[in-house]
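1. What follows is a protein structure lacking sequence information:
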């Protein structure tokens with residue numbers, strides 16, 4: 001409700017359209033000025049609304065407030081005796097303008113979605129358009145979060161929303177024993193309370209719906225869930241009654257695994273029970289007598305190492321002792337089956353010495369820590385085991401430069417932007433998103449700045465990056481395009497810097513400009529081809545008639561290497577080379593082509609031509625070494641006592657070609 005202070009009457013404006021009645025299966029967890037956070041259960045039906053930006057943000061109230069203020073100004077200008085009639089008209093105008101404003105809204109995701117969700121650009125609703133399987137998308141991770149950056153247009157209500165959707169787990173996988181028929185040996189001398197550790201069933205659901213219990217119907221054993229130090233669950237059998245081999249040579253157990261909220265059928269002493277993957281048939285062969293398991297010096301160890309550690313480096317040497325004699329005391333080491341393949345493939349363990357070595361290069365940006373469960377087992381017929389958890393913490397090195405990505409309202413990840421001449425100061429030009437794959441200070445962006453001297457605009461920080469805006473009214477007749485060089489630096493020591501260029505073209509004002517049939521063109525050309533080689537033909541159409549519909553084509557660029565390399569037929573739009581291209585000088589070109597009509601007040605439009613220059617094996621390798629960079633002969637002195645396999649020197653060779661053409665081999 002709004003009440004003007006300058007009038008005795010009041011104006012009550014309310015939206016005549018109710019909010020969307022679509023039923024959603026998502027829950028709004030948190031909302032902020034530019035942030036919405038939801039929870040959505042996996043496996044929901046296609047079409048379910050996962051997020052509703054217009055409904056849950058303050059955007060609608062902002063629009064209503066803007067329209068109300070406009071109508072309030074109109075009402076205050078009316079005569080007092082016409083106010084009652086005017087209020088009714090104002091309500092109608094308010095509803096009409098609000099509906100028009102909501103219809104103008106457009107919602108656009110800045111990055112391509114990799115999950116089955118779709119954004120309705122008109123309503124702002126994010127809906128499910130495919131199967132959401134949490135186990136496929138995130139495995140058994142505690143967190144499964146979908147992130148989106150959504151831009152809202154037009155410019156009068158422009159803003160960026162961060163959308164986060166937590167995908168919640170449902171109990172849709174039953175426990176599975178693999179294999180579900182097993183045979184083990186057990187000595188008849190085993191005492192009551194003896195425990196037997198077996199690989200448990202595997203449940204693909206999250207911890208909330210994982211295995212909670214094992215049930216066994218047998219008078220000799222009970223079963224329970226045993227949680228390992230690495231979070232995995234095993235099956236622990238406890239002997240509760242003394243066994244006698246003279247009475248039974250083997251014992252058969254049926255063991256059922258139960259999870260979260262699921263109720264599996266109880267096991268029965270029937271072979272049909274093995275048809276269920278949640279039931280294990282365990283055959284225990286009773287043997288005619290190893291009472292001391294191996295003991296590790298430490299149950300757990302943390303090892304911090306740099307991600308630049310050389311392959312082959314020894315990380316730890318484990319030691320376990322066994323008080324038994326003979327084979328029962330001979331200990332060997334191996335990785336637990338529950339140690340994930342993505343971790344154990346980086347390491348090897350010597351089964352005799354317990355030495356753990358690095359076998360593959362580490363990358364902290366891929367995996368920050370590796371959790372290895374090492375088993376020490378004796379060599380008895382019925383072996384006893386112990387376990388130790390090794391946590392390898394990968395320390396970061398500043399090995400990743402910042403990645404600069406520029407976005408306009410129309411395109412993502414661009415090198416060319418445009419702005420209309422005579423636009424107001426502060427007009428949006430481009431949005432700069434800067435990321436760094438490193439962590440902590442190495443991954444923090446210290447700042448970005450405009451390196452090139454230009455009067456086009458400035459880079460101002462925002463919640464989602466930097467925004468380039470105009471700082472003066474632009475005149476295309478003065479400057480047709482600007483080249484902006486943006487430099488971004490991280491906070492590492494030493495710091496790494498990335499520079500990225502943005503070409504900004506100033507568009508002329510007119511009612512019907514020529515239009516290209518494509519927003520951008522891409523082509524490839526082999527280097528060293530003769531000049532006048534045709535590359536690609538562009539085509540633009542003008543809705544006007546007569547001279548205003550006659551279109552000529554031009555290449556817009558202030559870069560010398562571009563203007564000297566290509567030419568365009570002003571009538572046909574065919575682009576040809578002006579010179580023989582050299583990929584070693586420039587491996588790609590970005591051309592900005594303008595289509596201009598022949599009207600008295602000429603109108604034009606532009607498109608981008610991306611030309612990739614393909615490599616030809618036309619460069620010889622250039623040899624150089626540290627002492628003589630130009631490749632001249634050098635003499636190396638070394639003591640006569642130098643051992644074999646000692647590195648004498650290192651030769652380097654540079655070939656300016658790429659790919660197979662740049663591969664160099666050395667021969668003596």
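-> That came through fine. The structure displayed is predicted, hence computed values, not measured ones.
2. ok, residue 425 to residue 499 distance?
-> 27 Å (CB to CB, to the nearest Å). Just so you know, the C-beta spots here come from the backbone N, C-alpha and C atoms, and that holds for glycine as well.
3. these two touch, right, residue 207 and residue 140?
-> Yes: the criterion here is CB atoms under 8 Å, and residue 207 meets it with residue 140 at 7.3 Å.
4. So for the two, which sits in the more crowded spot?
-> Ranked by neighbour count (other CB atoms under 10 Å), residue 207 and residue 140 place residue 140 first, with 17 against 13.
5. For that one, which non-adjacent residue is spatially closest?
-> Excluding the flanking residues, the one nearest residue 140 by CB to CB, 6 or more residues apart in numbering is residue 206, at 5.7 Å.
6. what residues are up against the one you found?
-> For residue 206, the contacting residues are 134, 140-142, 169, by CB atoms under 8 Å, 6 or more residues apart in numbering.
7. now residue 168
-> Here residue 168 is in contact with 39-42, 134, 144 (criterion: CB under 8 Å, 6+ apart).
8. Which of these are buried? Put it as a PyMOL command.
-> In PyMOL syntax, the buried subset of those is picked out as below (16 or more other CB atoms under 10 Å):
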select buried, resi 39+40+41+42+134+144
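9. From the contacts of residue 168, which shows the smallest pLDDT?
-> Confidence by pLDDT is poorest for residue 42 among the contacts of residue 168, given 77.
10. Hmm, residue 132 and that residue touching each other?
-> Yes: contact criterion CB under 8 Å: residue 42 and residue 132 qualify, at 4.8 Å.
11. how about the helices in the protein?
-> Using DSSP state H, the helices of the chain run over 53-56, 59-76, 83-104, 134-138, 341-344, 560-563.
12. Out of those helices, which is the most enclosed?
-> helix 53-56 (a mean of 19; mean count of other CB atoms under 10 Å).
13. one step back: could the helices of the chain go into a markdown table alongside distance to residue 657?
-> Formatted as a markdown table, the helices of the chain follow (distance: least, CB to CB, whole Å):
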| stretch | distance to residue 657 |
| --- | --- |
| helix 53-56 | 50 |
| helix 59-76 | 53 |
| helix 83-104 | 52 |
| helix 134-138 | 41 |
| helix 341-344 | 36 |
| helix 560-563 | 19 |
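14. so which of the ones you listed gets nearest residue 440?
-> Set against residue 440 and scored by CB to CB, the helices of the chain come closest in helix 341-344, at 22.0 Å.
15. Against residue 94, how distant is residue 64?
-> 8 Å.
16. cool, and residue 100?
-> In terms of CB to CB, residue 100 sits 11 Å off from residue 94.
17. swap in residue 490?
-> Taking CB to CB, one finds residue 490 at 50 Å from residue 94.
18. Could you do residue 212 as well?
-> Taking CB to CB, one finds residue 212 at 58 Å from residue 94.
19. okay, now the residue nearest to residue 540 when sequence neighbours are not counted: neighbour count?
-> Excluding its sequence neighbours, the residue lying closest to residue 540 (CB to CB, 6+ apart) is residue 595, at 3.5 Å. Using other CB under 10 Å, the number of residues around residue 595 comes to 24.
20. which residues does residue 595 contact?
-> 513-516, 538, 540, 542, 551-553, 573, 604-607.
21. still on that earlier bit, quick check: the farthest pair among the contacts of residue 206?
-> 134 and 142 (11.3 Å).
22. hmm, back to that, least reliable of the helices of the chain by average pLDDT, please.
-> helix 83-104 (a mean of 70).
23. Just the buried positions in stretch 193-201, please.
-> For stretch 193-201, by 16+ other CB under 10 Å, it's 194, 196, 198-201.
24. ok, back up a step: tell me the residues that contact both of residue 42 and residue 132, please.
-> residue 167.
25. since we're on the residue nearest to residue 550 when sequence neighbours are not counted, how many residues are nearby?
-> Nearest residue to residue 550, sequence neighbours excluded (CB to CB, 6+ apart): residue 598, at 4.4 Å. Residues lying near residue 598 (other CB under 10 Å) number 15.
26. who touches residue 598 in this structure?
-> Contacts of residue 598 by CB under 8 Å, 6+ apart are 547-548, 550, 552.
27. if we can go back for a sec, who's more crowded, residue 425 and residue 499?
-> Between residue 425 and residue 499, counted using other CB under 10 Å, residue 499 has the larger neighbour count: 14 against 11.
28. Quickly note the distance from the nearest residue to residue 109 once chain neighbours are set aside to residue 108.
-> Setting aside the residues directly before and after it, residue 109 is nearest to residue 119 in space (CB to CB, 6+ apart), at 5.1 Å. Computed as CB to CB, the residue 119 to residue 108 distance reads 8 Å.
29. overlap in contacts of the two?
-> Common neighbours of residue 119 and residue 108 (CB under 8 Å, 6+ apart) are residue 150.
30. These two: which has the busier surroundings?
-> Higher neighbour count among residue 119 and residue 108: residue 119, with 20 against 15, using other CB under 10 Å.
31. Residue 164 contacts residue 147, correct?
-> Yes: at 5.5 Å, residue 164 and residue 147 qualify as touching, with contact defined as CB under 8 Å.
32. Out of the buried residues of stretch 193-201, which sit inside strands?
-> 196, 198-199 (DSSP state E).
33. got the end-to-end distance for stretch 488-506?
-> Stretch 488-506 has an end-to-end distance of 25 Å (CA to CA, to the nearest Å).
34. Buried ones in it, by neighbour count?
-> Buried residues in stretch 488-506 (16+ other CB under 10 Å): 488-492, 496, 498, 500-506.
35. Please dump these into JSON lines; it should also carry pLDDT and distance to residue 375 for every row.
-> Listed next are the buried residues of stretch 488-506 as JSON lines, based on pLDDT from 0 to 100; distance: CB to CB, whole Å:
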{"residue": "488", "pLDDT": "88", "distance to residue 375": "48"}
{"residue": "489", "pLDDT": "88", "distance to residue 375": "47"}
{"residue": "490", "pLDDT": "86", "distance to residue 375": "42"}
{"residue": "491", "pLDDT": "85", "distance to residue 375": "42"}
{"residue": "492", "pLDDT": "82", "distance to residue 375": "39"}
{"residue": "496", "pLDDT": "88", "distance to residue 375": "42"}
{"residue": "498", "pLDDT": "86", "distance to residue 375": "46"}
{"residue": "500", "pLDDT": "86", "distance to residue 375": "51"}
{"residue": "501", "pLDDT": "86", "distance to residue 375": "56"}
{"residue": "502", "pLDDT": "86", "distance to residue 375": "57"}
{"residue": "503", "pLDDT": "86", "distance to residue 375": "61"}
{"residue": "504", "pLDDT": "87", "distance to residue 375": "62"}
{"residue": "505", "pLDDT": "85", "distance to residue 375": "65"}
{"residue": "506", "pLDDT": "78", "distance to residue 375": "69"}
